[in-house]
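**Student:** Need the 3D shape of this:
(one chain, ligands or ions: 2)
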Amino acid sequence: MSTLNKNIGLIGFGVVGQGFYSYLEENKEEKLLPKIVIKNNNKERDEVKAKFITEADEVINDKSVETVVELISDDKEAFDIVTKALKAGKNVVSANKKMIANNLEKLLELENKSKGRFLYEGAVCGSIPIIRTLNDYYSLDTVTQIQGIFNGSTNYILTQIFKDNVSYQESLAKAQKLGFAEADPTSDVSGSDALYKLLILTTHAFGKFISPSKVLKIGIQNITDSDIAFARENNLKIKLIASVKSNNNKLWLSVLPTFITNDSVFYNVDNEFNAVEVVSESIGKQTLIGKGAGSLPTGQVIYSDYKAPENYKYKYDKILSGKRIKYETQEFIWVYSDKITQFEKYIEEVVIINKSEGYAKVSIADLIKIQEELLDEKLSLIALTDEALKQLNKKYEFAYALQYA
Ligand SMILES: NC(=O)C1=CN([C@@H]2O[C@H](COP(=O)(O)OP(=O)(O)OC[C@H]3O[C@@H](n4cnc5c(N)ncnc54)[C@H](OP(=O)(O)O)[C@@H]3O)[C@@H](O)[C@H]2O)C=CC1
Ligand SMILES: N[C@@H](CC=O)C(=O)O
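**Tutor:** Numbers count the residues shown, from 1 in each chain. Ligands and ions are numbered 1, 2, ... in the order given. Okay, the predicted model is just below:
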């Protein structure tokens, strides 16, 4: 492609699109962007040099466009745009985690047949460069676990509730106003957004494609005042933790509100910040912490994808290695609830703290079966890390002793 054909086709000019645009302006590259595709022509917008249009095909079929930057909210429309752009041989940059998590296998086939490449660092944990890190530095190491805080909006909401006693509804409205939340914030608070990111990382770290519908996912919508009070009394915090771990070629995944102790690396990761902890055989444990949502942090990563070296592509070495790994749900975890006795049918072991309140050992497979019911019945469950379990067992030794006498 000649230098005359290096234009950008930007589709979507919301929170992230405008963040990306500001880096083009800062680097005097806005002349490479003659047209921006939006949906609603009647919206008031800041003036920019580009012309606003509403037909994505106009930039996808434009021969002067080398890179299509897809930053719209709808996942199905985004898939259509990305498919067409790759088929037209364009480089494609996207941040649409829902679209990517649901279609990654197909997208890789399309990329393999295309002259273009498909990069999407902005889709996972905003500004944190975790995909390229896994792709470039972990391809020769064996990753055993990835866990962390993968959603900025829910972390912002939980921080506001814990630090400043702001209500759930008010903190959610603030997260929306600040541009952290998805167009439909149910995706954030239900844990879906964190799950999409977890599944994308699972493909890069373990070479496995897993459907979102198969994984245990509990959001923060049902957290009660008594959960918060219990956390405060015990010097714990609640964070929405996404986790994938492997052992003996088996893989376990979950997204769960989780009590964490004050010595956890996640304890002071607050507001819209995210954290990704990667554990691998040679490197050991390391954690990346940074802004997980917002216009400029995400826009910067999109800009870096757009500027990636000419021959750079994700290698997907873990898929290519052909190592077989099996997705499993047969594992037990400990969960707390102020109505733990309602889960009687599923409990392996339980510690009753007071009346119906307590914590119990339950299987991931059972929780997957009842996760929709939990949501409908507004029942809250908070997982315990090993450290939180130890801390609670020490305090509730008496209750514990009674249980196992
Ligand atoms: N917000 C964040 O912090 C982050 C968001 N993301 C992801 O980035 C993507 C964009 O998010 P965000 O910027 O927050 O979303 P916004 O809702 O702020 O903006 C979406 C933009 O897409 C445009 N649009 C919607 N549908 C179409 C369509 N069919 N054709 C053309 N344009 C369309 C809208 O047009 P109009 O202006 O006319 O309404 C709007 O400009 C999403 O996939 C999101 O998950 C990823 C990381 C962080
Ligand atoms: N809604 C998302 C935006 C970034 O991915 C979040 O809150 O993390």
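**Student:** Excluding chain neighbours, give the residue nearest to the residue of the stretch 201-350 of the chain found nearest ligand 1 in space.
**Tutor:** The stretch 201-350 of the chain approaches ligand 1 most closely through residue 293 (3.5 Å), counting by C-beta to the nearest ligand atom. (Glycine included, C-beta is placed from N, CA and C.) Residue nearest to residue 293 in three dimensions, not counting chain neighbours: residue 152, with 3.1 Å by C-beta to C-beta, 6 or more residues apart in numbering.
**Student:** Retrieve the pLDDT associated with the one you found.
**Tutor:** What the model reports as pLDDT for residue 152 is 98.
**Student:** My guess is it contacts residue 290. True?
**Tutor:** No - with contact defined as C-beta atoms under 8 Å, residue 152 and residue 290 do not form a contacting pair (10.1 Å).
**Student:** So if I had to pick from the two, which one is more boxed in?
**Tutor:** Between residue 152 and residue 290, counted using other C-beta atoms under 10 Å, the more crowded position is residue 152 (29 against 18).
**Student:** Might you report the residue contacts of the residue nearest to residue 293?
**Tutor:** Residues near residue 152 by C-beta atoms under 8 Å, 6 or more residues apart in numbering: 126, 175, 180, 271-274, 291-294.
**Student:** Near ligand 2, list only the ones from those.
**Tutor:** 126, 180, 292-293 (C-beta under 6 Å from any ligand atom).
**Student:** Give me the phi and psi for the residue in the stretch 251-400 of the chain that ligand 2 sits nearest to.
**Tutor:** Taking C-beta to the nearest ligand atom as the measure, the stretch 251-400 of the chain has residue 293 as its residue closest to ligand 2, at 3.7 Å. Per-residue torsions, residue 293: phi -160, psi 170 (degrees, to the nearest 10).
**Student:** Can stretch 197-207 be said to contact ligand 2?
**Tutor:** No - judged by C-beta under 6 Å from any ligand atom, stretch 197-207 stays clear of ligand 2, getting no closer than 7.1 Å.
**Student:** what residues are shared contacts of residue 152 and residue 290?
**Tutor:** 126, 273-274.
**Student:** Quick check: end-to-end length of stretch 171-186?
**Tutor:** End-to-end distance for stretch 171-186, by C-alpha to C-alpha, to the nearest Å: 14 Å.
**Student:** Please read the previous query as pertaining to stretch 271-289.
**Tutor:** Span of stretch 271-289 from end to end, C-alpha to C-alpha: 12 Å.
**Student:** For that stretch, the averaged confidence score.
**Tutor:** Here stretch 271-289 scores 98 as its mean pLDDT.
**Student:** Show me which residues of that stretch are buried.
**Tutor:** Residues 271-280, 288-289 are the ones in stretch 271-289 that count as buried (16 or more other C-beta atoms under 10 Å).
**Student:** And the contacts of that stretch?
**Tutor:** Applying C-beta under 8 Å, 6+ apart, the set of residues contacting stretch 271-289 from outside is 125-126, 128-130, 133-134, 137-138, 140-153, 155-156, 159, 175, 178, 180, 201, 205, 265-266, 269, 290-294.
**Student:** Please determine whether that stretch lies in contact with ligand 1.
**Tutor:** No - Stretch 271-289 is not in contact with ligand 1 by C-beta under 6 Å from any ligand atom; minimum separation 7.9 Å.
**Student:** hmm, back to that, state the distance from the residue nearest to residue 293 to ligand 1.
**Tutor:** 6 Å (C-beta to the nearest ligand atom, to the nearest Å).
**Student:** In helices, which of the buried residues of stretch 271-289 appear?
**Tutor:** If you go by DSSP state H, the buried residues of stretch 271-289 have nothing in helices.
**Student:** hmm, which two among those are most spread apart?
**Tutor:** 271 and 280 (28.4 Å; C-beta to C-beta).
**Student:** and the stretch 1-150 of the chain, which of its residues are near ligand 2?
**Tutor:** Within the stretch 1-150 of the chain, the positions near ligand 2 by C-beta under 6 Å from any ligand atom are residue 126.
**Student:** Can you name the residue of the stretch 1-150 of the chain nearest to ligand 1?
**Tutor:** For the stretch 1-150 of the chain, C-beta to the nearest ligand atom, closest residue to ligand 1: residue 14, 1.8 Å.
**Student:** count of residues packed around that residue?
**Tutor:** 16.
**Student:** Next: residue 57.
**Tutor:** For residue 57, using other C-beta under 10 Å, the count is 12.
**Student:** got it, and residue 376?
**Tutor:** Residues near residue 376, counting by other C-beta under 10 Å: 7.
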